[in-house]
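J.: what's the 3D shape of this:
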Amino acid sequence: MNYLFFDIECANCFMGKGKICSFGYVLCDEHLSVLEQKDILVNPRSKFHLGKPEENQGIELAYPKAKFLKEPSFDKIYPKIKELLERKDQIVFGHALTNDLNFLQAEFERYKLPTFYIKAYDTQIIYRQLKNVKNDVGLERLCDEYEIEKEALHRSDYDALITMQVLKHMCKEKGCSVEELLKDIPNSYLELKDGVIIKKFNPTSPAKTLLHYAKKIHMDKTIKDEMLYDVVFAMDETLEESDMKRAKKIVNLIRRKGADYTIRIKKCNMFIEVNSDSKKAQKARDILKENEGLFKIINLEELQSMLNIEEEL
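T.: Next up, the predicted model:
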C-alpha cells in the first residue's frame, strides 16, 4: 500500500473559484519513506491576487509569477492529476482538503473537464480528533508543534511533504501504523463524487453545531411565552461536548418558547451553568466580575422553572 499526499496553490479565488497554479505531491511507501516528490506548475490563465504578503495579509508563492505563466494550463496537466489521484493500492491525504477539492472541481468546470471520484483523508481532521481540539489547525502551527522545518511553505510539494511528516508524528504519538490510525479515526475523509464534496465528519465545533441547530428552530405559537421574548440564553460547554442530544432538547425548548440562543457569553442575559468547573462557566464568572449585572447565571432547575415545564432537563 502506498500513500499519496497532495497540496494545491491558487493564483486567486475570485467568486470563490480557485485558479490553480501548482499541484504538488509526495508519494510514499507503507513506511512513509518518500518514493517520489514533484511540484507541477500550472499557468492559471488568470490574474494573480494573493493579498499583501509583506503586510501579512496574503501569501507569497514559492516561484516568480512569470515562471507559472510559462507552464501548461490546467486542462493540459489534468490527465496527470487524474492518473495520480486514481491509482489503485494507495490512500490519498491532504490538509484542509475542502479547499483543495473545491479548487479541483472549479477547474473541472472552468475547462469543461469530466469530474472524477476522489477519496482523501484530511490530516487536519485527524489531528482535531486525535487531540480533541475544536478549531482547525494549519500546517504552520503544526510545524511548530512537531518541530518540522518551515523552509518553503506555500510550495505545493513541500506542503505535501509537511502533511506526510505531520501524519508520521501522529502515528508515532499513538504508537500505530497509518492504517491502524485510520481505523481508530475512520470518518476523517472527504469524497468528491459527481462534482459534489461529501464530508464524513462534522467540520464544526460542538458549540457551532448547536448554534446552527438553534437557528433552524422557530417559535411555536402553541407554547410561546411572552416573558421570554427578550431573553437570550447561553450555556457552558458540558452538554455540547458530552450529551449533544440533551443540549439540543434544551435549545429546542428555548427557541420554541420564543427566547434566543447564543454561543457568545457577552451576548446573553441568561447563562446556563451545568458544570461550575467548566471553562465557559469560569469565563462567565470572570466576565461578571468586570461587568456586574451583564447577565445572570442560572442552573438547570432554574431554567426548568423559567420555561414552565415539569419534565427534568
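J.: what sits up against the host helix or strand of Gln304?
T.: Assigned by DSSP states H and E, Gln304 belongs to helix 300-306. Contacting residues not belonging to helix 300-306 are listed as Leu228, Val231, Phe233, Ile250, Met270, Ile272, Val274, Ile298, Glu311, Glu312, Leu313 [C-beta atoms under 8 Å, 6 or more residues apart in numbering]. The C-beta positions use only the backbone N, C-alpha and C, and glycine is treated the same way.
J.: so Phe23 touches Phe5, yeah?
T.: No. Phe23 lies out of contact with Phe5 (C-beta atoms under 8 Å); the separation is 11.8 Å.
J.: pLDDT value on Asp277, please?
T.: Looking at Asp277, its pLDDT is 89.
J.: count of residues packed around it?
T.: Using other C-beta atoms under 10 Å, Asp277 has 9 neighbouring residues.
J.: Which residues are in contact with the closest residue to Ile162 other than its chain neighbours?
T.: Closest residue in space to Ile162, ignoring its immediate chain neighbours: Leu139 at 5.2 Å, by C-beta to C-beta, 6 or more residues apart in numbering. If you count contacts by C-beta under 8 Å, 6+ apart, Leu139 has them with His95, Leu153, Asp159, Ile162, Thr163, Val166.
J.: change it to 7 Å
T.: His95, Asp159, Ile162, Thr163 (C-beta atoms under 7 Å, 6 or more residues apart in numbering).
J.: Nearest to Lys193 among these?
T.: Nearest to Lys193 among the contacts of Leu139: His95, at 20.7 Å, using C-beta to C-beta.
J.: Check the gap between that closest one and Met219 for me.
T.: Remark: distance between His95 and Met219 (C-beta to C-beta, to the nearest Å) = 42 Å.
J.: more crowded one of those two?
T.: His95 (27 against 15).
J.: Please tell me how far that one sits from Asn299.
T.: His95 is 42 Å from Asn299, by C-beta to C-beta.
J.: ditto for Val231
T.: 16 Å.
J.: Comparing these two, which residue is more hemmed in?
T.: More crowded of Val231 and Asn299, by other C-beta under 10 Å: Val231, with 18 against 12.
J.: Leaving out chain neighbours, which residue sits closest to the more buried one?
T.: Excluding its sequence neighbours, the residue lying closest to Val231 (C-beta to C-beta, 6+ apart) is Ala259, at 4.3 Å.
J.: I'd guessed the one you found sits against Leu228; true?
T.: Yes. Using C-beta atoms under 7 Å as the test, Ala259 is close enough to Leu228 to be in contact (4.1 Å).
J.: Tell me which stretches of the stretch 51-200 of the chain form helices.
T.: Ranges of helices in the stretch 51-200 of the chain, per DSSP state H, counting those that start in this stretch, are 65-69, 74-85, 97-110, 123-131, 139-146, 156-174, 178-184.
J.: Kindly format the C-alpha coordinates of the fifth one as CSV.
T.: Provided in CSV are the C-alpha atoms of helix 139-146 (Å, rounded to 0.1, in the frame of the first residue of the first chain):
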residue,chain,number,x,y,z
LEU,A,139,0.4,23.4,8.8
GLU,A,140,2.5,26.3,10.0
ARG,A,141,1.4,25.8,13.6
LEU,A,142,1.8,22.0,13.3
CYS,A,143,5.3,22.6,12.1
ASP,A,144,6.0,24.5,15.4
GLU,A,145,4.3,21.8,17.5
TYR,A,146,6.2,18.9,15.8
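J.: Report the buried residues of it.
T.: Within helix 139-146, the residues that qualify as buried are Leu139, Leu142, Cys143, counting by 16 or more other C-beta atoms under 10 Å.
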